[in-house]
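> pasting the sequence and the predicted model now:
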Amino acid sequence: MKPASFKYYAPESLEEALVLKAQYGDEARILAGGQSLIPAMNFRIMQPTILLDLNLLAELSYISSRDSAVLHIGAMTRLSEVEDDPLIADRVALLHEALPYIAHPQIRNRGTVGGNIAHADPAAELPVVALAMDSRFRVQSTNGTRWINSIDFFRGYFETAIGPSEILVEIEVPFHAANTGWAFLEVSRRSGDYAMAGIAALITLDNKHICRKARLVYLNLSDAPLEAKQSADMLVGETLSDELIKQVANKASEEEIMPMESLHATVNYQRHLACILTKRALELAYGRAMET
Amino acid sequence: MSDNHSIKLTINGEEYTSSVEARMLLSDFIRHELGLTGTHVGCEHGVCGACTVILNGRSVRSCLMFAVQAHGQQITTVEGMAAEATDLHPLQEAFREAHGLQCGFCTPGILMSLIPFLDDNPCPSEEEIRAAISGNLCRCTGYQNIVTAVKLYVERES
(Lines give C-alpha, C1' and ligand atoms only; values in the text may rest on other atoms or scores of the structure.)
Protein backbone atom coordinates (compact mmCIF):
# COMPACT_ATOMS: atom_id res chain seq x y z
CA MET A 1 0.00 0.00 0.00
CA LYS A 2 0.93 3.66 -0.26
CA PRO A 3 0.82 6.38 2.38
CA ALA A 4 -2.27 8.55 2.70
CA SER A 5 -1.91 12.20 1.69
CA PHE A 6 -0.32 14.66 4.07
CA LYS A 7 0.99 18.19 4.11
CA TYR A 8 4.79 18.26 4.08
CA TYR A 9 7.02 20.87 5.69
CA ALA A 10 10.81 20.79 5.63
CA PRO A 11 11.90 23.65 7.90
CA GLU A 12 15.42 24.93 7.34
CA SER A 13 16.05 25.96 10.95
CA LEU A 14 15.08 24.60 14.35
CA GLU A 15 13.37 27.92 15.08
CA GLU A 16 11.14 27.48 12.04
CA ALA A 17 10.42 23.86 13.04
CA LEU A 18 9.40 24.94 16.56
CA VAL A 19 7.04 27.60 15.21
CA LEU A 20 5.34 24.99 13.01
CA LYS A 21 5.15 22.52 15.91
CA ALA A 22 3.62 25.22 18.13
CA GLN A 23 1.10 26.00 15.42
CA TYR A 24 0.02 22.42 14.62
CA GLY A 25 0.72 20.56 17.90
CA ASP A 26 -0.13 16.85 17.91
CA GLU A 27 -1.46 17.06 14.36
CA ALA A 28 2.12 17.45 13.09
CA ARG A 29 4.26 14.32 13.27
CA ILE A 30 8.01 14.72 13.31
CA LEU A 31 9.77 12.95 10.43
CA ALA A 32 13.29 12.09 11.59
CA GLY A 33 14.91 9.05 9.93
CA GLY A 34 11.46 7.73 9.04
CA GLN A 35 12.52 4.10 9.46
CA SER A 36 9.58 3.32 11.77
CA LEU A 37 7.15 6.09 10.76
CA ILE A 38 7.27 5.51 6.99
CA PRO A 39 6.60 1.73 7.19
CA ALA A 40 3.63 2.50 9.46
CA MET A 41 2.43 5.08 6.90
CA ASN A 42 2.98 2.65 4.00
CA PHE A 43 0.64 0.24 5.79
CA ARG A 44 -1.70 3.12 6.70
CA ILE A 45 -1.45 2.11 10.34
CA MET A 46 -0.57 5.76 10.74
CA GLN A 47 -2.04 8.55 8.67
CA PRO A 48 -0.59 11.81 9.94
CA THR A 49 -2.04 14.87 8.21
CA ILE A 50 1.10 16.98 8.62
CA LEU A 51 4.74 15.89 8.53
CA LEU A 52 7.55 18.08 9.84
CA ASP A 53 10.73 16.80 8.24
CA LEU A 54 13.82 17.62 10.35
CA ASN A 55 16.32 16.22 7.84
CA LEU A 56 17.50 19.66 6.71
CA LEU A 57 18.51 20.60 10.27
CA ALA A 58 22.26 19.94 10.21
CA GLU A 59 22.36 21.80 13.54
CA LEU A 60 20.74 18.74 15.19
CA SER A 61 23.35 16.29 13.91
CA TYR A 62 26.44 16.06 16.14
CA ILE A 63 28.28 14.03 18.75
CA SER A 64 29.90 16.46 21.14
CA SER A 65 32.00 16.02 24.28
CA ARG A 66 31.93 19.61 25.53
CA ASP A 67 31.73 18.28 29.09
CA SER A 68 34.14 15.81 30.69
CA ALA A 69 31.45 13.63 32.31
CA VAL A 70 28.81 13.43 29.60
CA LEU A 71 28.38 13.26 25.86
CA HIS A 72 25.74 15.14 23.89
CA ILE A 73 24.20 13.62 20.80
CA GLY A 74 22.02 15.70 18.49
CA ALA A 75 18.59 14.17 17.88
CA MET A 76 19.13 13.94 14.10
CA THR A 77 22.46 12.11 14.36
CA ARG A 78 22.25 8.95 12.23
CA LEU A 79 22.54 5.63 14.07
CA SER A 80 25.47 4.56 11.86
CA GLU A 81 27.41 7.67 12.92
CA VAL A 82 26.97 6.69 16.56
CA GLU A 83 27.97 3.12 15.72
CA ASP A 84 31.21 4.31 14.06
CA ASP A 85 32.15 6.92 16.68
CA PRO A 86 35.45 5.99 18.40
CA LEU A 87 34.76 8.03 21.56
CA ILE A 88 31.43 6.24 22.09
CA ALA A 89 33.07 2.85 21.46
CA ASP A 90 35.67 3.71 24.10
CA ARG A 91 33.68 5.50 26.78
CA VAL A 92 30.03 4.56 26.32
CA ALA A 93 30.57 0.92 25.45
CA LEU A 94 27.02 -0.14 26.35
CA LEU A 95 25.60 2.17 23.67
CA HIS A 96 28.20 0.98 21.16
CA GLU A 97 27.37 -2.65 21.86
CA ALA A 98 23.60 -2.14 21.45
CA LEU A 99 23.74 -0.33 18.09
CA PRO A 100 24.33 -3.27 15.72
CA TYR A 101 21.15 -4.87 17.11
CA ILE A 102 19.07 -2.05 15.64
CA ALA A 103 17.63 -3.44 12.38
CA HIS A 104 20.12 -3.57 9.47
CA PRO A 105 23.04 -1.39 8.28
CA GLN A 106 20.87 0.30 5.62
CA ILE A 107 18.29 1.26 8.27
CA ARG A 108 20.98 2.60 10.60
CA ASN A 109 22.31 4.79 7.78
CA ARG A 110 19.03 6.66 7.78
CA GLY A 111 17.54 6.10 11.27
CA THR A 112 18.32 8.68 13.94
CA VAL A 113 19.03 8.60 17.66
CA GLY A 114 16.21 11.04 18.42
CA GLY A 115 13.73 9.12 16.28
CA ASN A 116 14.56 5.81 17.94
CA ILE A 117 14.09 7.37 21.40
CA ALA A 118 10.99 9.47 20.68
CA HIS A 119 9.20 6.59 18.92
CA ALA A 120 9.35 4.77 22.31
CA ASP A 121 8.82 1.28 20.96
CA PRO A 122 9.16 -1.13 23.94
CA ALA A 123 11.16 -3.41 21.60
CA ALA A 124 13.62 -0.65 20.65
CA GLU A 125 17.22 -0.76 21.86
CA LEU A 126 18.08 2.87 22.60
CA PRO A 127 15.33 3.59 25.17
CA VAL A 128 16.56 0.59 27.20
CA VAL A 129 20.18 1.68 26.98
CA ALA A 130 19.25 5.30 27.80
CA LEU A 131 17.39 4.25 30.95
CA ALA A 132 20.24 1.97 32.07
CA MET A 133 22.69 4.88 31.72
CA ASP A 134 20.41 7.53 33.29
CA SER A 135 20.43 9.58 30.11
CA ARG A 136 18.58 12.86 29.93
CA PHE A 137 16.65 14.26 27.00
CA ARG A 138 16.44 17.91 25.99
CA VAL A 139 13.16 18.97 24.45
CA GLN A 140 12.48 22.39 23.03
CA SER A 141 9.44 24.49 22.15
CA THR A 142 8.92 28.13 21.28
CA ASN A 143 8.53 28.65 25.05
CA GLY A 144 12.01 27.38 25.84
CA THR A 145 13.93 24.25 26.61
CA ARG A 146 13.69 21.61 29.35
CA TRP A 147 15.50 18.42 30.32
CA ILE A 148 13.61 15.20 31.03
CA ASN A 149 15.19 12.29 32.92
CA SER A 150 14.88 8.93 31.22
CA ILE A 151 12.94 7.52 34.19
CA ASP A 152 10.20 10.13 33.55
CA PHE A 153 10.40 10.03 29.77
CA PHE A 154 9.01 6.65 28.68
CA ARG A 155 5.34 6.27 29.59
CA GLY A 156 4.22 3.10 27.80
CA TYR A 157 3.64 1.89 24.26
CA PHE A 158 4.85 4.65 21.93
CA GLU A 159 4.19 7.22 24.67
CA THR A 160 6.71 9.74 25.97
CA ALA A 161 6.73 12.89 28.08
CA ILE A 162 7.33 15.08 25.00
CA GLY A 163 4.56 17.70 24.85
CA PRO A 164 2.49 18.42 21.71
CA SER A 165 4.43 21.58 20.90
CA GLU A 166 7.86 20.18 21.81
CA ILE A 167 10.63 18.59 19.74
CA LEU A 168 13.32 16.29 21.12
CA VAL A 169 16.60 17.99 20.20
CA GLU A 170 19.40 16.39 22.22
CA ILE A 171 20.30 13.29 24.20
CA GLU A 172 22.76 13.46 27.08
CA VAL A 173 24.75 10.30 27.70
CA PRO A 174 27.02 9.95 30.74
CA PHE A 175 30.40 8.31 30.17
CA HIS A 176 30.72 5.00 32.03
CA ALA A 177 32.22 5.41 35.50
CA ALA A 178 35.58 3.79 36.31
CA ASN A 179 35.46 0.02 37.02
CA THR A 180 32.17 -0.32 35.20
CA GLY A 181 31.24 -3.39 33.18
CA TRP A 182 28.50 -3.45 30.56
CA ALA A 183 26.51 -5.92 28.50
CA PHE A 184 23.75 -5.65 25.94
CA LEU A 185 22.10 -8.86 24.76
CA GLU A 186 18.87 -9.76 23.02
CA VAL A 187 17.19 -12.69 21.36
CA SER A 188 15.30 -12.27 18.09
CA ARG A 189 14.07 -14.82 15.58
CA ARG A 190 16.24 -13.46 12.78
CA SER A 191 19.11 -10.97 12.74
CA GLY A 192 17.67 -7.45 12.69
CA ASP A 193 14.15 -8.44 13.73
CA TYR A 194 12.42 -7.06 16.81
CA ALA A 195 13.70 -8.94 19.84
CA MET A 196 11.46 -11.19 21.93
CA ALA A 197 13.53 -10.19 24.96
CA GLY A 198 16.65 -8.18 25.65
CA ILE A 199 18.71 -6.68 28.46
CA ALA A 200 21.09 -3.83 29.18
CA ALA A 201 23.28 -4.36 32.25
CA LEU A 202 25.76 -2.05 33.97
CA ILE A 203 27.82 -2.99 37.04
CA THR A 204 30.25 -0.75 38.91
CA LEU A 205 32.74 -2.37 41.28
CA ASP A 206 35.00 -0.84 43.91
CA ASN A 207 38.69 -1.73 44.07
CA LYS A 208 37.91 -4.74 46.27
CA HIS A 209 35.61 -6.01 43.48
CA ILE A 210 32.49 -5.41 45.55
CA CYS A 211 29.51 -4.24 43.53
CA ARG A 212 28.66 -0.60 44.28
CA LYS A 213 26.07 0.03 41.59
CA ALA A 214 24.02 -2.22 39.35
CA ARG A 215 21.41 -1.54 36.68
CA LEU A 216 19.30 -4.10 34.85
CA VAL A 217 16.91 -2.81 32.20
CA TYR A 218 14.82 -5.07 29.98
CA LEU A 219 13.68 -4.75 26.38
CA ASN A 220 10.20 -5.78 25.22
CA LEU A 221 9.33 -7.27 28.61
CA SER A 222 6.83 -4.58 29.51
CA ASP A 223 5.06 -1.73 27.66
CA ALA A 224 8.18 0.45 28.12
CA PRO A 225 11.83 -0.09 29.10
CA LEU A 226 11.60 -1.95 32.40
CA GLU A 227 14.12 -1.59 35.19
CA ALA A 228 14.43 -4.53 37.61
CA LYS A 229 15.44 -2.40 40.55
CA GLN A 230 14.93 -4.87 43.40
CA SER A 231 16.88 -7.55 41.57
CA ALA A 232 19.74 -5.20 40.73
CA ASP A 233 19.86 -3.98 44.36
CA MET A 234 20.54 -7.55 45.50
CA LEU A 235 23.97 -7.17 43.89
CA VAL A 236 24.97 -3.99 45.70
CA GLY A 237 27.47 -4.53 48.51
CA GLU A 238 28.15 -8.08 47.36
CA THR A 239 30.86 -9.97 45.53
CA LEU A 240 29.34 -11.65 42.52
CA SER A 241 29.02 -15.42 42.66
CA ASP A 242 27.24 -17.95 40.46
CA GLU A 243 24.68 -18.46 43.21
CA LEU A 244 23.94 -14.73 43.54
CA ILE A 245 23.68 -14.29 39.76
CA LYS A 246 21.19 -17.16 39.69
CA GLN A 247 19.08 -15.60 42.46
CA VAL A 248 19.05 -12.21 40.73
CA ALA A 249 18.12 -13.75 37.37
CA ASN A 250 15.29 -15.74 38.97
CA LYS A 251 13.90 -12.75 40.84
CA ALA A 252 14.04 -10.43 37.82
CA SER A 253 12.50 -12.94 35.42
CA GLU A 254 9.82 -14.26 37.81
CA GLU A 255 8.84 -11.15 39.78
CA GLU A 256 9.85 -7.92 38.14
CA ILE A 257 9.39 -8.13 34.39
CA MET A 258 5.89 -7.87 32.91
CA PRO A 259 6.03 -9.66 29.56
CA MET A 260 3.09 -9.44 27.22
CA GLU A 261 2.61 -12.50 25.09
CA SER A 262 3.14 -12.11 21.36
CA LEU A 263 2.67 -14.32 18.34
CA HIS A 264 6.27 -15.48 18.58
CA ALA A 265 6.83 -15.83 22.31
CA THR A 266 4.63 -16.96 25.18
CA VAL A 267 4.96 -15.31 28.58
CA ASN A 268 6.74 -18.38 29.94
CA TYR A 269 9.21 -18.36 27.08
CA GLN A 270 9.90 -14.64 27.59
CA ARG A 271 10.53 -15.26 31.31
CA HIS A 272 12.89 -18.07 30.37
CA LEU A 273 14.75 -15.81 27.94
CA ALA A 274 14.96 -13.03 30.54
CA CYS A 275 16.44 -15.43 33.08
CA ILE A 276 19.12 -16.73 30.70
CA LEU A 277 19.92 -13.26 29.35
CA THR A 278 20.25 -11.87 32.89
CA LYS A 279 22.77 -14.56 33.82
CA ARG A 280 24.78 -14.06 30.64
CA ALA A 281 24.69 -10.27 30.89
CA LEU A 282 25.78 -10.25 34.53
CA GLU A 283 28.68 -12.63 33.84
CA LEU A 284 29.79 -10.56 30.87
CA ALA A 285 29.43 -7.20 32.65
CA TYR A 286 31.16 -8.47 35.77
CA GLY A 287 34.09 -9.85 33.75
CA ARG A 288 34.44 -6.54 31.94
CA ALA A 289 34.26 -4.53 35.17
CA MET A 290 37.14 -6.63 36.54
CA GLU A 291 39.22 -5.90 33.44
CA THR A 292 38.75 -2.13 33.36
CA MET B 1 -5.66 17.01 -0.52
CA SER B 2 -2.60 16.85 -2.69
CA ASP B 3 0.62 18.53 -1.71
CA ASN B 4 3.01 18.92 -4.63
CA HIS B 5 6.65 19.89 -4.48
CA SER B 6 9.16 20.50 -7.22
CA ILE B 7 12.37 18.58 -6.77
CA LYS B 8 15.74 18.43 -8.47
CA LEU B 9 18.07 15.54 -7.82
CA THR B 10 20.99 13.70 -9.40
CA ILE B 11 20.62 10.01 -10.19
CA ASN B 12 23.55 8.11 -11.71
CA GLY B 13 25.18 11.44 -12.60
CA GLU B 14 22.15 12.72 -14.46
CA GLU B 15 20.05 15.61 -13.19
CA TYR B 16 16.29 15.16 -12.98
CA THR B 17 13.65 17.80 -12.28
CA SER B 18 10.12 16.84 -11.39
CA SER B 19 7.01 17.75 -9.46
CA VAL B 20 5.98 15.12 -6.91
CA GLU B 21 3.24 14.62 -4.39
CA ALA B 22 4.72 14.62 -0.87
CA ARG B 23 3.52 11.08 -0.22
CA MET B 24 5.32 9.59 -3.24
CA LEU B 25 7.98 7.14 -2.07
CA LEU B 26 11.46 7.51 -3.54
CA SER B 27 11.24 3.90 -4.76
CA ASP B 28 8.07 4.66 -6.75
CA PHE B 29 9.55 7.88 -8.09
CA ILE B 30 12.63 6.03 -9.36
CA ARG B 31 10.61 3.24 -10.96
CA HIS B 32 7.41 4.88 -12.18
CA GLU B 33 8.42 8.47 -12.88
CA LEU B 34 11.96 7.89 -14.13
CA GLY B 35 11.50 4.36 -15.51
CA LEU B 36 14.62 3.09 -13.73
CA THR B 37 13.12 -0.30 -13.01
CA GLY B 38 16.38 -1.88 -11.87
CA THR B 39 15.42 -0.82 -8.35
CA HIS B 40 12.99 -3.49 -7.17
CA VAL B 41 10.17 -3.10 -4.67
CA GLY B 42 9.44 -5.95 -2.30
CA CYS B 43 7.97 -5.41 1.12
CA GLU B 44 7.67 -1.61 1.34
CA HIS B 45 8.46 -1.66 5.03
CA GLY B 46 12.22 -1.79 5.06
CA VAL B 47 12.66 -5.48 5.76
CA CYS B 48 13.55 -7.07 2.42
CA GLY B 49 16.17 -4.66 1.07
CA ALA B 50 15.21 -5.09 -2.61
CA CYS B 51 14.77 -1.32 -3.06
CA THR B 52 18.18 -0.37 -1.58
CA VAL B 53 19.87 2.54 -3.37
CA ILE B 54 22.95 4.62 -2.56
CA LEU B 55 22.13 8.06 -1.13
CA ASN B 56 25.14 10.39 -0.80
CA GLY B 57 27.47 7.39 -0.58
CA ARG B 58 25.47 5.32 1.92
CA SER B 59 23.03 2.50 1.20
CA VAL B 60 19.44 3.23 2.24
CA ARG B 61 15.96 1.84 1.64
CA SER B 62 14.27 3.86 -1.11
CA CYS B 63 10.84 2.67 0.14
CA LEU B 64 11.49 4.37 3.50
CA MET B 65 12.05 7.83 2.06
CA PHE B 66 9.77 10.25 0.29
CA ALA B 67 10.93 11.46 -3.12
CA VAL B 68 10.61 15.04 -1.89
CA GLN B 69 13.32 14.28 0.68
CA ALA B 70 15.77 13.45 -2.11
CA HIS B 71 15.69 17.05 -3.35
CA GLY B 72 19.27 18.21 -3.92
CA GLN B 73 20.72 14.76 -3.15
CA GLN B 74 22.97 12.38 -5.10
CA ILE B 75 21.59 8.90 -5.73
CA THR B 76 23.05 5.82 -7.39
CA THR B 77 20.85 2.95 -8.55
CA VAL B 78 21.92 -0.38 -10.04
CA GLU B 79 21.78 1.22 -13.50
CA GLY B 80 24.60 3.54 -12.45
CA MET B 81 27.10 0.87 -11.41
CA ALA B 82 28.84 0.27 -14.72
CA ALA B 83 30.33 3.02 -16.86
CA GLU B 84 28.15 2.14 -19.87
CA ALA B 85 24.64 0.71 -20.05
CA THR B 86 25.96 -2.30 -21.95
CA ASP B 87 28.86 -2.95 -19.53
CA LEU B 88 28.94 -4.82 -16.27
CA HIS B 89 30.68 -3.53 -13.16
CA PRO B 90 33.37 -6.02 -11.98
CA LEU B 91 31.12 -6.89 -9.00
CA GLN B 92 28.24 -7.66 -11.38
CA GLU B 93 30.66 -9.72 -13.49
CA ALA B 94 31.61 -11.74 -10.40
CA PHE B 95 27.91 -12.27 -9.58
CA ARG B 96 27.32 -13.60 -13.10
CA GLU B 97 30.30 -15.95 -13.01
CA ALA B 98 29.64 -17.33 -9.52
CA HIS B 99 25.88 -17.70 -10.10
CA GLY B 100 25.20 -15.05 -7.46
CA LEU B 101 21.87 -14.29 -9.13
CA GLN B 102 19.27 -16.97 -8.91
CA CYS B 103 15.94 -15.38 -9.77
CA GLY B 104 17.63 -11.96 -9.66
CA PHE B 105 14.93 -10.15 -7.71
CA CYS B 106 17.10 -9.29 -4.70
CA THR B 107 20.29 -8.70 -6.74
CA PRO B 108 20.04 -4.91 -7.34
CA GLY B 109 19.46 -4.28 -3.62
CA ILE B 110 22.34 -6.55 -2.68
CA LEU B 111 24.68 -4.80 -5.11
CA MET B 112 23.64 -1.40 -3.74
CA SER B 113 24.35 -2.64 -0.20
CA LEU B 114 27.73 -4.08 -1.22
CA ILE B 115 29.20 -1.13 -3.14
CA PRO B 116 29.54 1.27 -0.15
CA PHE B 117 30.44 -1.65 2.13
CA LEU B 118 33.33 -2.76 -0.14
CA ASP B 119 34.50 0.86 -0.50
CA ASP B 120 34.87 1.03 3.29
CA ASN B 121 36.15 -2.49 3.70
CA PRO B 122 37.90 -3.77 0.54
CA CYS B 123 39.03 -7.08 2.10
CA PRO B 124 36.11 -8.30 4.21
CA SER B 125 35.90 -11.65 5.97
CA GLU B 126 33.05 -14.02 5.10
CA GLU B 127 31.36 -13.08 8.36
CA GLU B 128 31.56 -9.38 7.47
CA ILE B 129 30.15 -10.06 4.00
CA ARG B 130 27.23 -11.95 5.53
CA ALA B 131 26.59 -9.12 8.03
CA ALA B 132 26.67 -6.55 5.21
CA ILE B 133 23.90 -8.35 3.31
CA SER B 134 21.95 -9.38 6.41
CA GLY B 135 19.39 -6.70 5.52
CA ASN B 136 18.75 -8.16 2.07
CA LEU B 137 16.37 -11.08 1.72
CA CYS B 138 17.10 -13.58 -1.04
CA ARG B 139 13.81 -15.36 -1.72
CA CYS B 140 15.69 -18.24 -3.34
CA THR B 141 17.62 -18.54 -0.04
CA GLY B 142 20.76 -18.77 -2.14
CA TYR B 143 23.22 -16.78 -0.07
CA GLN B 144 26.02 -19.26 -0.69
CA ASN B 145 26.70 -18.18 -4.26
CA ILE B 146 26.20 -14.52 -3.40
CA VAL B 147 28.95 -14.77 -0.80
CA THR B 148 31.13 -16.70 -3.27
CA ALA B 149 30.61 -13.94 -5.84
CA VAL B 150 31.70 -11.25 -3.38
CA LYS B 151 34.78 -13.28 -2.45
CA LEU B 152 35.63 -13.72 -6.14
CA TYR B 153 35.37 -9.96 -6.68
CA VAL B 154 37.48 -9.21 -3.59
CA GLU B 155 40.14 -11.67 -4.74
CA ARG B 156 40.31 -10.07 -8.18
CA GLU B 157 40.44 -6.52 -6.89
CA SER B 158 43.16 -7.14 -4.31
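The structure has been received and is ready for your questions.
> what's opposite the nearest residue to B:Q74 once chain neighbours are set aside in the beta bridge?
Closest residue to B:Q74 apart from its sequence neighbours, by Cβ to Cβ, 6 or more residues apart in numbering or on different chains: B:T10 at 4.9 Å. Just so you know, the C-beta spots here come from the backbone N, C-alpha and C atoms, and that holds for glycine as well. Listed beta-bridge partners, B:T10: B:E15, B:Q74 (assigned using DSSP bridges).
> quick one: neighbours of the residue of chain B found nearest chain A, just the number.
Proximity of chain B to chain A (Cβ to the nearest Cβ) peaks at B:G135, 2.6 Å away. Applying other Cβ atoms under 10 Å in any protein chain shown, we find 24 residues neighbouring B:G135.
> contacts only, for the nearest residue to it once chain neighbours are set aside.
Once flanking residues are discounted, B:G135 sits nearest to A:H104: 2.6 Å by Cβ to Cβ, 6+ apart. By Cβ atoms under 8 Å, 6 or more residues apart in numbering or on different chains, the residues touching A:H104 are A:191-192, B:49, B:134-135.
> what helix or strand does A:I245 sit in?
A:I245 is part of helix A:242-251, with elements assigned from DSSP states H and E.
> sorry, back to before: out of the contacts of A:H104, which end up buried?
Buried residues within the contacts of A:H104, counting neighbours by 16 or more other Cβ atoms under 10 Å in any protein chain shown: A:192, B:49, B:134-135.
> re the thing from before, nearest to A:L244, of the contacts of A:H104?
When the contacts of A:H104 are compared for distance to A:L244 (Cβ to Cβ), A:S191 wins out at 32.4 Å.
> returning to what we had before: which residues touch the residue of chain B closest to chain A?
A:103-107, A:192, B:49, B:52, B:113.
> what about the helices in the chain?
You didn't pick a chain, so chain A it is. Taking DSSP state H as the test, the helices found in chain A are A:14-24, A:37-42, A:79-83, A:86-91, A:93-98, A:105-108, A:113-119, A:125-132, A:150-153, A:229-233, A:242-251, A:267-291.
> can you look at chain B instead?
Using DSSP H, helices in chain B cover B:26-28, B:90-97, B:107-120, B:126-132, B:143-157.
> tell me which parts of chain B are close to chain A?
B:1-3, B:5, B:21-23, B:25, B:28, B:44-46, B:49, B:52, B:55, B:58-61, B:63-66, B:68-69, B:113, B:117, B:131-132, B:134-135 (Cβ under 8 Å from any Cβ of the partner chain).
> buried among the residues you listed? Need that as a selection in ChimeraX.
To isolate the buried members of these in ChimeraX, using 16+ other Cβ under 10 Å:
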select /B:3,5,21,22,23,25,28,44,45,46,49,52,55,58,59,60,61,63,64,65,66,68,69,113,117,131,132,134,135
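> nearest to chain B: which residue in the stretch 51-200 of chain A?
Per Cβ to the nearest Cβ, A:H104 is where the stretch 51-200 of chain A lies closest to chain B, at 2.6 Å.
> from A:L57, how far out is A:S141?
According to Cβ to Cβ, to the nearest Å, A:S141 stands 15 Å off from A:L57.
> now swap in A:I203 and tell me
Taking Cβ to Cβ, one finds A:I203 at 37 Å from A:L57.
> go on, B:I146?
Applying Cβ to Cβ to B:I146 and A:L57 gives a distance of 38 Å.
> then A:Q270?
39 Å.
> neighbour count winner among these two?
More crowded of A:Q270 and A:L57, by other Cβ under 10 Å: A:Q270, with 24 against 21.
> verify the stated contact: A:L205 with A:A214.
No. If you go by Cβ atoms under 8 Å, A:L205 and A:A214 don't touch, sitting 9.7 Å apart.
> of the two, which one has the most company?
A:A214 (25 against 22).
> show me the contacts for that one.
A:201-204, A:232-233, A:235-236.
> what about 7 Å?
Counting by Cβ atoms under 7 Å, 6 or more residues apart in numbering or on different chains, A:A214 touches A:203, A:232, A:235-236.
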